[in-house]
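Peer 1: Show me the folded form of this:
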Amino acid sequence: MEKPRPAKLKRPRILGLVLAQLSVVGIAAVIGQLAAGQGAALSALLGGLVAWLPSSYFAWRTFRFQGARYTREIVKSFYRAEAGKFGLTVALFTLVFVTVPPSNPAFFFGAYVATLFANWLSPWLLQRPLHT
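Peer 2: A predicted model of the protein is given here:
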């Protein structure tokens, strides 16, 4: 049996989604700075990064295989990516709350949720161009 090989050049364009999430992190940090100062900006930045890093890891790991002959590998990579995302999220939350407790939890969790909501843009951002 042939050993499965990662997909080449057929991965969905995830860069748009990753950049959209990173933009949300930046916007949340700017809003935090303008609304409540340096502490809120740092809290928003940390909250956004806690959401962005695991999502980026998931997107990078998920689309490694393509094609009907690699169905089992596709499913395995999806579950491994989800487990890695969960573990990374737990580790980042622990790291942030132990080393740099957020001075403004509202901005921390607000940026976290806003960054996760950027995933709703994925159908639009991952849309393949029409070749007519």
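Peer 1: pLDDT score for the residue nearest the centre of the chain?
Peer 2: For the chain, the residue nearest the mean C-alpha position is Ser55 (2.1 Å; Cα atoms, centre = their mean). Looking at Ser55, its pLDDT reads 92.
Peer 1: okay, the closest residue to Ser122 other than its chain neighbours: pLDDT?
Peer 2: Using Cβ to Cβ, 6 or more residues apart in numbering and skipping the chain neighbours, the partner closest in space to Ser122 is Leu17 (5.2 Å). C-beta: built from backbone N, CA, C; applies to glycine. Predicted confidence (pLDDT) for Leu17: 82.
Peer 1: can you give me phi and psi for Leu17?
Peer 2: Leu17 adopts backbone torsions of phi -70, psi -40, taken as degrees, to the nearest 10.
Peer 1: so it makes contact with Asn119?
Peer 2: Yes - look at Leu17 against Asn119 with Cβ atoms under 8 Å: they come within range, at 7.3 Å.
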